[in-house]
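Undergrad: Everything below, folded, please.
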Amino acid sequence: MKSFGIQSTWRPLAWLLAGALAWAAPSVGAQGVAPAAAPSESVGPEAARLTQRWIDQELARSPALQNGALRMEVVVGTLDERLRLAPCSRVEPYLPPGQRLWGKTRLGLRCLEGVTRWNVFLPVQVKAFGPAWVLKGGVPSGAPLMMDDAMEAEVDWAAENAAILSDPAQWVGSIATRALLPGQALRHAMVKPPQAFAAGAQVRVVAQGPGFQVTADGQALGGGVIGQLVRVRMDNGRIMSGLVLDKNTVQIEI
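TA: This next block holds a predicted model:
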């Protein structure tokens with residue numbers, strides 16, 4: 001896979017926030033907004049600097065940024081221009097519960113020191129560009145994916161919630177969970193491991209414990225997928241669960 005350096009586009013963030021906070025209150029979830037108050041000239045730039053530092057610090061903790069795999073970009077939305085915020089000497093940025101700095105999200109800004117305490121939400125979109133595998137053509141639901149089905153390209157990893165499949169070993173030989181379209185970047189929700197054996201198949205059961213290993217025959221009670229658990233009926237009628245190792249073998253830890 002190709003290596004991509006980090007490129008942050010923070011410069012537009014400062015003046016966008018400065019202008020937004022100097023003249024507006026949000027259309028979503030504003031608290032403590034004082035429409036008649038003239039905004040302080042220091043509120044916007046200071047809040048912009050604080051917010052910029054806060055986003056820089058939060059994104060710097062991302063493993064993807066630390067290993068240089070992704071190139072981050074931030075697109076900041078605008079606030080409702082119909083209202084004005086009361087002057088505030090200390091504005092604190094924060095991430096609302098249930099939100100994360102990934103894809104389309106929102107950032108909270110609250111006044112901690114001012115005549116009127118207010119709390120606003122600013123729309124933000126975090127883009128994370130990096131290497132991925134993109135489908136050359138369509139793949140029917142239930143069909144296996146081959147190496148020639150996709151090619152390398154740079155995509156926005158944050159465009160969807162499902163994680164990108166960046167390593168061919170994660171998807172070559174896997175089964176499409178739905179009809180896949182040309183140009184789609186391969187993600188976890190799109191594929192599933194192939195079935196190693198069907199329900200009713202005779203399998204070899206390996207029971208392993210400290211210092212010993214026992215092998216016996218059994219019958220699979222469900223379809224077996226490598227790396228997943230399956231229930232097996234032993235010859236004595238006992239039902240056990242084990243990990244599917246290959247198309248013939250189930251391992252049981254004792």
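
Undergrad: so is residue 57 in a helix, a strand, or just coil?
TA: Using DSSP: H, G, I helix; E, B strand; the rest coil, the structure places residue 57 in helix.

Undergrad: how many other residues sit next to it?
TA: For residue 57, the neighbour count with other C-beta atoms under 10 Å is 9. All C-beta spots, glycine's among them, are computed from the backbone N, C-alpha and C.

Undergrad: quick one: it from residue 50, how far?
TA: Distance of residue 57 to residue 50, given as C-beta to C-beta, to the nearest Å: 11 Å.

Undergrad: and what of residue 169?
TA: Distance from residue 169 to residue 50, by C-beta to C-beta: 43 Å.

Undergrad: Just want to know which of the two has more residues nearby.
TA: Comparing residue 169 with residue 50 by other C-beta under 10 Å, the one with more neighbours is residue 50, at 16 against 8.

Undergrad: you'd agree the more buried one is in a helix?
TA: Yes. Using three-state DSSP, the assignment for residue 50 is a helix.

Undergrad: ok, it touching residue 91?
TA: Yes. In this structure residue 50 lies within contact range of residue 91 using C-beta atoms under 8 Å: 6.2 Å.

Undergrad: Which parts of the stretch 1-150 of the chain are strands?
TA: Applying DSSP state E, counting those that start in this stretch to the stretch 1-150 of the chain gives strands spanning 71-76, 88-94, 103-114, 119-135, 150-156.

Undergrad: Mean pLDDT, mean neighbour count and distance to residue 201 added to the ones you listed, as a markdown table?
TA: As requested, these are exported to a markdown table (pLDDT from 0 to 100; neighbours: other C-beta atoms under 10 Å; distance: least, C-beta to C-beta, whole Å):
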| stretch | mean pLDDT | mean neighbour count | distance to residue 201 |
| --- | --- | --- | --- |
| strand 71-76 | 84 | 19 | 47 |
| strand 88-94 | 85 | 18 | 54 |
| strand 103-114 | 88 | 18 | 42 |
| strand 119-135 | 90 | 20 | 32 |
| strand 150-156 | 95 | 16 | 31 |
